[in-house]
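1. Sequence plus predicted model, see below.
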Amino acid sequence: MAKVTFATDTCKGCGLCVDACPKGLLQLSKEKINKKGHHPAEITNQDECVGCASCAIMCPDCVITVER
Amino acid sequence: MVVFEKPHALTDAPLHYCPGCTHGIIHRLVAEAIDELGIEGKTIGIAPVGCAVMAYDYFACDMIEAAHGRAPAVATGAKRANPDNIVFSYQGDGDLASIGTAETVHAAARNENITVIFVNNAIYGMTGGQMAPTSLPGQVTQTSPYGRDPKVCGYPVKVCEMLAQLDGPEYLERVAVNSVANVRAAKKAIRKAFQNQIDGKGFSLVEVISACPTNWGKTPQEALKWIDEAMIPYYPLGVYKDRSKEAAQ
């Protein structure tokens, strides 16, 4: 099963990963604020992730690790 | 099994770039190429002046900070003195296409065995969004508030097309990093540019069309769209020179 993890504190909330996900599973957190003061990216439904790593490929800050 | 993680050739220092700046993607692609070719221990990077001025903090290999625009000259010295090392320069458009034009053209004409990563975002990012030699006609910047007028400011410099006229360079390609497919293509080009140097083929330059959301006055998403709509039509992607391929035909 695929799994994505976020290094939340280095996320700048640019949202490029959100647009890159072909299944639309990512969002910028509505509640959380990280150390830098940004709303970090998070996954809404881990079970549906196929581990294509599109989000990680578009992330400018290497926030995302993908396992499969 | 981990299928994607931060490459080893990048340090843990958090990047100082603005949110949505694609410098981070290009840094990662260079680091991935270094990892995959197993050359981290013998690579020397040359950092430019511009937004990427602090690249020496981010790459885990040895780094040298060059004077503005002089990275290809410094790279030439480093490579000639240490021919077994892999030397790359990482430069923006204000660095490579403006103050460093002479160094760039002559390093290419001499076919120095170095790799140049040229980040073209059509603006001076670090100094606050002034017009660059690569700014598009009509583009609004801090110093062209009514849009760049080619009658007054001249036309943009197309670096790949210009260098392709020379007999010297081995490999010239323009890529973009505004979509997953384009990032994959960019990675292939950057890897090839490093492989060419390992094989002793000579001067390889990869021009990467990059986004500057902050100084373009756009959101990160709009900036990537603007690359598709405005930048790529003016700066067409593709291979401009590949001498070993031409020789094989």
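-> Cool, got the structure.

2. Chain A: helices as residue ranges?
-> A:16-20, A:54-58 (DSSP state H).

3. Tell me which of the ones you listed sits most buried.
-> Compared across those, helix A:54-58 shows the largest average neighbour count, a mean of 24 (mean count of other C-beta atoms under 10 Å in any protein chain shown). Heads up, the C-betas are built off the backbone N, CA and C, glycines and all.

4. quick one: contacts for A:Lys35?
-> A:Lys35 makes contact with A:Asp9, according to C-beta atoms under 8 Å, 6 or more residues apart in numbering or on different chains.

5. Can you say which of the helices of chain A is nearest to B:Pro145?
-> Among the helices of chain A, the nearest to B:Pro145 by C-beta to C-beta is helix A:16-20 (28.7 Å).

6. who does the closest one touch, helix- and strand-wise?
-> Helices and strands touching helix A:16-20, by 3 or more C-beta pairs under 8 Å, 6 or more residues apart in numbering or on different chains; DSSP states H and E, are strand A:26-28, helix A:54-58, helix B:220-226.

7. ok, and does the second one reach over to chain B?
-> Yes - for a cut-off given as C-beta under 8 Å from any C-beta of the partner chain, helix A:54-58 has contacts with chain B, namely A:Ser54, A:Ala56, A:Ile57, A:Met58.

8. neighbours around residue 48, how many?
-> Let's take chain A. Neighbourhood size, A:Glu48 [other C-beta atoms under 10 Å in any protein chain shown]: 11.

9. The intended chain is chain B.
-> 27.

10. can you check B:Ser135 too?
-> B:Ser135 has 24 nearby residues by other C-beta under 10 Å.

11. and what of B:Lys245?
-> Taking other C-beta under 10 Å as the criterion, the count of residues near B:Lys245 is 10.

12. What segments of chain B are helices?
-> Under DSSP H, chain B gives helices at B:23-37, B:55-58, B:71-81, B:93-94, B:101-109, B:150-153, B:159-164, B:180-198, B:213-216, B:220-226, B:232-234, B:243-248.

13. could those helices go into JSON lines alongside distance to chain A?
-> Shown next, in JSON lines, are these (distance: least, C-beta to the nearest C-beta, whole Å):
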{"stretch": "helix B:23-37", "distance to chain A": "3"}
{"stretch": "helix B:55-58", "distance to chain A": "10"}
{"stretch": "helix B:71-81", "distance to chain A": "22"}
{"stretch": "helix B:93-94", "distance to chain A": "18"}
{"stretch": "helix B:101-109", "distance to chain A": "25"}
{"stretch": "helix B:150-153", "distance to chain A": "30"}
{"stretch": "helix B:159-164", "distance to chain A": "23"}
{"stretch": "helix B:180-198", "distance to chain A": "5"}
{"stretch": "helix B:213-216", "distance to chain A": "8"}
{"stretch": "helix B:220-226", "distance to chain A": "4"}
{"stretch": "helix B:232-234", "distance to chain A": "17"}
{"stretch": "helix B:243-248", "distance to chain A": "27"}
